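Undergrad: let's see this in three dimensions:
(one chain, ligands or ions: 1)
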Amino acid sequence: MMKTFCIRSLFFASLTLLLIACTEEKKERIVMPITDLSDESLIPKPLKTIPTNSAFALDQFTAIYTSKNATGFEEVGTFLASKIKDKINLTIPVNSQGANTVERVIYINQSDSTDLASTEAYQLYINQDSIIINSNTAEGAFRGIQTLRQLVPLKSNDTLAPQKIWPVPSGKIIDSPNFEYRGSMLDVARHFFSVDDVKKYIDLLSYYKINMLHLHLSDDQGWRIEIKSWPKLTEVGGSTEVGGESGGFYTQEDYKEIVRYAAERYMTIIPEIDMPGHTNAASVSYPFLNGNGKTPKLYEGMRVGFSTFDTRKDTVYAFIDDVVEEIAAITPGPYFHVGGDESHVTKKKDYIYFINKVEKIVQKHGKRMIGWDEVAIADIDATSISQWWASEENAQKAVDKGMQIIVSPAKKAYLDMEYDTLSKFGLHWAAYIPVDTAYNWTPEEYGVPMKNILGVEAPLWSETISNIDELEYLAFPRIIGYSELSWSIKENRDWENYKVRLADQAPFLDRMDVKYYQSNLIDWKKSDYSYKTITKD
Ligand code: TNX
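TA: Purely as a prediction, here's the structure:
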């Protein structure tokens, strides 16, 4: 590994020298401050960090270059440039467009090196005059630039050279994710959230390398996605929400825009249509669907478990086929979530019959089924996925079937649980989840074997929240901890160390106008954030 690195660094060093030689006037060498890359507040913590105690001089003479003919790499470079511009108001050219004098390069390189463990793996080499990001895929490069964004200091050091310089601590980072599935769920059914709200959430999640956003698109209180063959679902079923406000829904164009925006950030959207329970809004729109024997009416409360589809009617399955077909057609990701939770008024044998049939419909439309942990009682395939939220017995059934599991235990990973008794929003039926409890558990050892774990997801149910500020209050800062629980290996996780790095997220969260919960377990760094690199004399 060392040998490949040396050869590669030689290659890039010569590339850098060549670039420097090409510049018209050679600037004096800047003496950079002593830094410690391993002391930077990166979240999630990378696999390996090797400091070299100098710095890269990010300044107006820096340019980004990306591998030619490597799909998506130039876009990753452009994304990085725009985020650097947002953070420190420095314009950096990408692949020479607009370049004047170039003295230093950030090179985003497509590499076939077998050292890169997965499509999301990356290596970041920060030298005095070059930063090199190696990855097999643009997805890996995208994860790598999130690390780099976190390393760019907010304030320039104006004593080093006539121009402003933002020193990026030097060294190597070798990184790849512990779990391939790192997610959050947003319930847009109990309260509706606009496309812009969802985009903001996507932006924040992707900064912490979360790569899955599960949208809970239907429930008793609302149906939130346009289905062209069944228009009343949104006309009627989308018209209200918890508390009686006017609800809302995504047109298919809106949904495609969310999918596109997420894909630009290498995030997969997972649509959920919850059934056979949690279906009151659908049954109000089309009463033939209803199987609970009562006349359905729009519901604006917070109870669960009272609705069910009629599991013995062919027309119900024809309806589901249309719904899955339309949503699958605008969902490029591999998954379709069918809910399956809390079907308290569906008889067990009907529930099993229903899930068996729905699994086949999902597969027919080319997707892999995900369901809440109850689905493991049905006769489903090992290729389907169980999302473990409550029952250990159901989790064990999924393991016995050889299924993969998304770990989302309500007691640890539910973003809608209150922090403590003083919390402004949230519920506490599963637990109070302060910021340390949210972080201090080990998904790898929570009860199912590591080989069955696809990843970790933190669901945000929205009974008690109705706007983006309230969403942010519950999600932040806890979701940042879940990003580390799913990306970083357990040997690299430690609450005492994490809480200092979390405190350092305050300037980013403030800049992004995130109304996070300022837990007093954290000694938040406020906006007077000063330049952090140590300078030795
Ligand atoms: C349980 S978790 C539910 C949701 C509620 C949530 C509130 C799960 C699969 N079902 O319907 O919104 O609790 O915390």
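Undergrad: and the residue of the stretch 1-150 of the chain found nearest the ligand, how far is that from residue 482?
TA: For the stretch 1-150 of the chain, the residue closest to the ligand is residue 44, as judged by Cβ to the nearest ligand atom, at 24.9 Å. Every residue, glycine included, has its C-beta placed from N, CA and C. Going from residue 44 to residue 482 by Cβ to Cβ, to the nearest Å gives 10 Å.
Undergrad: now do the contacts for residue 86.
TA: Applying Cβ atoms under 8 Å, 6 or more residues apart in numbering to residue 86 gives no contacts.
Undergrad: please, which helix or strand holds it?
TA: helix 73-88 (DSSP states H and E).
Undergrad: contacts for stretch 501-519, please.
TA: Everything outside stretch 501-519 that qualifies as a contact, by Cβ under 8 Å, 6+ apart, is 41-43, 45, 87, 150, 154, 200, 203-204, 207, 419, 423, 434-435, 469, 472-474, 476-477, 480-481, 522-527, 529.
Undergrad: ChimeraX command to pick out the buried ones of the residues you listed?
TA: Listed next is the ChimeraX selection for buried residues among these, using 16 or more other Cβ atoms under 10 Å:
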select :41,42,43,45,87,150,200,204,207,419,423,434,435,472,473,474,476,477,480,481,522,524,525,529
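Undergrad: which of the contacts of stretch 501-519 fall within helices?
TA: 87, 150, 200, 203-204, 207, 435, 469, 472-474, 480-481 (DSSP state H).
Undergrad: pull the most distant pair out of those.
TA: 87 and 474 (26.1 Å; Cβ to Cβ).
Undergrad: and the residue of the stretch 201-350 of the chain found nearest the ligand, what does it touch?
TA: Nearest to the ligand in the stretch 201-350 of the chain, going by Cβ to the nearest ligand atom, is residue 341, at a distance of 3.4 Å. Contacts here follow Cβ under 8 Å, 6+ apart; on that basis residue 341 touches 274, 277-278, 371-374, 389.
Undergrad: so which of those residues also contact the ligand?
TA: 372, 389 (Cβ under 6 Å from any ligand atom).
Undergrad: buried subset of the contacts of residue 341?
TA: 274, 277-278, 371-374, 389.
Undergrad: show me those that map onto strands.
TA: 371-372 (DSSP state E).
Undergrad: return the member of the contacts of residue 341 nearest to residue 33.
TA: Each of these was scored against residue 33 by Cβ to Cβ, and residue 389 proved nearest at 48.2 Å.
Undergrad: could you measure from the closest one over to residue 194?
TA: 27 Å.
Undergrad: what parts of this protein come near the ligand?
TA: Residues of the chain lying near the ligand (Cβ under 6 Å from any ligand atom): 304, 341-342, 372, 389, 414, 416, 427, 461, 463.
Undergrad: 8 Å - rerun?
TA: 187, 190, 219, 274, 278, 302, 304, 339, 341-342, 372-373, 387, 389-390, 410, 414, 416-417, 427, 429-430, 459, 461-463 (Cβ under 8 Å from any ligand atom).
Undergrad: ok so, going back, report the contact partners of the residue of the stretch 1-150 of the chain closest to the ligand.
TA: 208-209, 483-484, 486-488.
Undergrad: could you dump those residues to CSV with secondary structure and neighbour count?
TA: Below are those laid out as CSV (DSSP: H, G, I helix; E, B strand; the rest coil; neighbours: other Cβ atoms under 10 Å):
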residue, secondary structure, neighbour count
208, coil, 22
209, coil, 24
483, helix, 24
484, helix, 22
486, helix, 29
487, helix, 28
488, coil, 22
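Undergrad: any idea which of these is closest to the ligand?
TA: Ranked by distance to the ligand (Cβ to the nearest ligand atom), these are led by residue 486 at 18.5 Å.
Undergrad: that closest one against residue 179, yeah?
TA: Yes: counting by Cβ atoms under 8 Å, residue 179 is a contact partner of residue 486 at 4.7 Å.
Undergrad: common neighbours of those two, please.
TA: With Cβ under 8 Å, 6+ apart as the test, residue 486 and residue 179 both reach 443, 455-456.
Undergrad: can you redo these as JSON lines with pLDDT, neighbour count and distance to residue 62?
TA: Converted to JSON lines, these look like this (pLDDT from 0 to 100; neighbours: other Cβ atoms under 10 Å; distance: Cβ to Cβ, whole Å):
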{"residue": "443", "pLDDT": "98", "neighbour count": "24", "distance to residue 62": "39"}
{"residue": "455", "pLDDT": "98", "neighbour count": "23", "distance to residue 62": "35"}
{"residue": "456", "pLDDT": "98", "neighbour count": "27", "distance to residue 62": "36"}
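Undergrad: nearest to the ligand among these?
TA: Looking across the shared contacts of residue 486 and residue 179 and measuring by Cβ to the nearest ligand atom, the closest to the ligand is residue 456, at 15.0 Å.
Undergrad: so what's that closest one up against?
TA: 179, 181-183, 406-408, 413, 443, 482, 485-486.
Undergrad: do you know how far it is from residue 520?
TA: The value you get for residue 456 to residue 520, if Cβ to Cβ is used, is 26 Å.
Undergrad: returning to that earlier point: filter the residues of the chain next to the ligand down to the buried ones.
TA: Looks like those have 187, 190, 219, 274, 278, 339, 341-342, 372-373, 387, 389-390, 410, 414, 416-417, 427, 430, 459, 461-463 buried, using 16+ other Cβ under 10 Å.
Undergrad: among the residues you listed, which are in helices?
TA: residue 410.
Undergrad: check contacts around residue 55.
TA: 32-33, 35, 126, 128, 167-170, 533.
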